[in-house]
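Colleague: Predicted structure and sequence below. I'll ask about it afterward.
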Amino acid sequence: MKEHLARNISRYRKEKGLTQDELAQILGVSFQAVSKWENAVTMPDISLLPQLSSILGISVDKMLGYVPRSEQVTIYEEQYQGSDYYWGVEPNSSCYQVLQCIPPTRPLKLLDIGCGEGKDAVFFARNGYDVTAFDITDAGLDKTKRLADRAKVHVRVFKADIMDFRLDTSFDILHSSGVLHYIKPEYRNEIFSNYKQFTNVNGVHVFNAFVQKPFIAPPPENEPHSYMWSSGELLSHYTDWLIWDSSEIIFDCNSSGIPHQHAMSKIIAKKIN
């Protein structure tokens, strides 16, 4: 919890345009105290948490690393409420690329980032991977659990916001499809450095990200927390890794009931010692 608190104080202080000294003056503490909080050396006194959360514009729960059930970050919280699986139950094509690149011929730990309703996470578990998955939607996580029960496999699931979550344990495979646009551009270097740091040697990342193209209209969904990537941006985070695939595709989509197109950048990269 101390690391979550430290990271969130630093992140939301900067988003409010406050220096450590300015925050300290408002709270009536020294700037050294704020520095220690942000470096996880100490924690603020519990009596300061309500005022601190008010200044930073977030709840105490969120500041401490917990995502309130009532907070809706994505429109898919509502979409996943139905009995049907919004995206179906067939795995994304990237799942087959994982199987091809790093098959589970030995125990392999896999993290599915932004698992949605769990179709990819359950596919991986069915094929022998040790799967952990997280998402921001309660409805999606509930469906992931039900899908795993139906398939008679185990998937460890937890709720987290991709902007707040950081790895503190290592995995062999990191997979994410259609989720990375929820990461604000100014946090991508930090988050991807964390992902790379906590990936085992010879581990693999299989990611895709929506990219902005001037000849493709914006998607019809009104996503309030969506930040498109640029072509080549995803690849730029892996200049020190072995690149297996860095292609870009354009595909048709009808997810909202309105035909539209997306441009997507893909990366398959391996960590070499």
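Modeller: All right, it came through fine.
Colleague: C-alpha from now on. contacts and neighbour counts both.
Modeller: Fine.
Colleague: need the strands for this structure, in chain order.
Modeller: Under the criterion DSSP state E, strands of the chain are mapped to 109-113, 130-135, 156-159, 171-176, 199-211, 242-245, 248-253, 260-270.
Colleague: Compare these and report which one is nearest to residue 235.
Modeller: strand 260-270 (6.5 Å; Cα to Cα).
Colleague: Packing partners of the closest one?
Modeller: strand 199-211, helix 233-236, strand 242-245, strand 248-253 (3 or more Cα pairs under 8 Å, 6 or more residues apart in numbering; DSSP states H and E).
Colleague: To residue 97, which of the ones you listed lies closest?
Modeller: Using Cα to Cα, the helices and strands packed on strand 260-270 put strand 199-211 closest to residue 97, at 8.0 Å.
Colleague: Kindly calculate the angle that that closest one makes with strand 109-113.
Modeller: 20 degrees (axes from the mean of the first three to the mean of the last three Cα atoms, to 10 degrees).
Colleague: Could you pull out the buried residues of strand 199-211?
Modeller: 199, 200, 203, 204, 205, 206, 207, 208, 209, 210, 211 (16 or more other Cα atoms under 10 Å).
Colleague: Determine which two of the residues you listed are furthest apart.
Modeller: Between any two of the buried residues of strand 199-211 (Cα to Cα), the greatest distance is 28.1 Å, for 200 and 211.
Colleague: shaky segments in this protein?
Modeller: 1, 66-77 (pLDDT under 70).
Colleague: care to break it down by domain?
Modeller: Domain assignment for the chain by automatic domain parsing gives 2-63, 76-270.
Colleague: Can you give me the end-to-end span of the first one?
Modeller: In this case it means domain 2-63. 10 Å (Cα to Cα, to the nearest Å).
Colleague: Run the chain-centre distance for that domain.
Modeller: 23 Å (Cα atoms, centre = their mean, to the nearest Å).
Colleague: correct me, but residue 231 touches residue 210?
Modeller: No: applying Cα atoms under 8 Å, one finds residue 231 not in contact with residue 210, separated by 9.1 Å.
Colleague: okay, and the common contacts of those two?
Modeller: Common neighbours of residue 231 and residue 210, using Cα atoms under 8 Å, 6 or more residues apart in numbering, are residue 265.
Colleague: Can you give me the distance of the residue nearest the centre of the chain to residue 220?
Modeller: Nearest to the mean C-alpha position of the chain, counting by Cα atoms, centre = their mean, stands residue 162 at 3.0 Å. Counting by Cα to Cα, the gap from residue 162 to residue 220 is 23 Å.
Colleague: Dump stretch 254-273 to PDB, restricted to CA.
Modeller: What follows is stretch 254-273, C-alpha atoms only, in PDB (Å, rounded to 0.1, in the frame of the first residue of the first chain):
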ATOM      1  CA  ASN A 254     -19.100  -3.100 -35.600                       C
ATOM      2  CA  SER A 255     -18.800  -3.200 -31.800                       C
ATOM      3  CA  SER A 256     -21.200  -0.200 -31.200                       C
ATOM      4  CA  GLY A 257     -23.700  -1.200 -33.900                       C
ATOM      5  CA  ILE A 258     -22.200   1.400 -36.200                       C
ATOM      6  CA  PRO A 259     -19.700   0.200 -38.800                       C
ATOM      7  CA  HIS A 260     -16.400   1.900 -38.400                       C
ATOM      8  CA  GLN A 261     -12.600   1.200 -38.800                       C
ATOM      9  CA  HIS A 262      -9.700   1.100 -36.500                       C
ATOM     10  CA  ALA A 263      -5.900   1.400 -37.100                       C
ATOM     11  CA  MET A 264      -3.900  -0.700 -34.700                       C
ATOM     12  CA  SER A 265      -0.200  -1.100 -34.000                       C
ATOM     13  CA  LYS A 266       1.100  -4.500 -32.800                       C
ATOM     14  CA  ILE A 267       4.200  -5.500 -31.000                       C
ATOM     15  CA  ILE A 268       5.700  -8.900 -30.200                       C
ATOM     16  CA  ALA A 269       9.000  -8.500 -28.400                       C
ATOM     17  CA  LYS A 270      11.300 -10.800 -26.400                       C
ATOM     18  CA  LYS A 271      13.500  -9.800 -23.500                       C
ATOM     19  CA  ILE A 272      17.100 -11.000 -24.100                       C
ATOM     20  CA  ASN A 273      19.700 -11.200 -21.400                       C
END
